[in-house]
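Q: 3D model of this:
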Amino acid sequence: MHTGIIIIFGLALLALMLFIGQKLGFSRETLTYGFVGLWLALTVINGAIGMKTGHSLVSALMAGFMVFAVPVAALVLFIAMSNT
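A: Predicted coordinates:
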């Protein structure tokens, strides 16, 4: 349940960054690098908190991979579909 909530948060953050960033005039490349860097940092922090509360390293890495990969895959899909 927690993983799903964090993934939805990541998708919402992505949408907000793309919408607000484009309105402010940032390039798509800048927004992409900014989101990936920010989302990676937030994913690592989330995994560290999970391990601090008793989860194993393996489960934290597996959940962290999903949490990071889904919003980044959505970003790649968005960029691929908007370039055509």
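Q: for the chain, what spans make up the helices?
A: 2-24, 28-52, 57-82 (DSSP state H).
Q: With mean pLDDT and mean neighbour count added, can I get these in CSV?
A: In this view, the C-beta of every residue, glycine as well, is placed from N, C-alpha and C. Listed next are those as CSV, based on pLDDT from 0 to 100; neighbours: other C-beta atoms under 10 Å:
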stretch, mean pLDDT, mean neighbour count
helix 2-24, 95, 14
helix 28-52, 95, 15
helix 57-82, 94, 15
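Q: how about L42, what does it touch?
A: G10 (C-beta atoms under 8 Å, 6 or more residues apart in numbering).
Q: how much space between it and L13?
A: 8 Å (C-beta to C-beta, to the nearest Å).
Q: Name all residues that make contact with the closest residue to S59 other than its chain neighbours.
A: Leaving aside its sequence neighbours, S59 sits nearest to G50 (C-beta to C-beta, 6 or more residues apart in numbering; 7.7 Å). For G50, the contact set (C-beta under 8 Å, 6+ apart) comprises S59, A60, A63.
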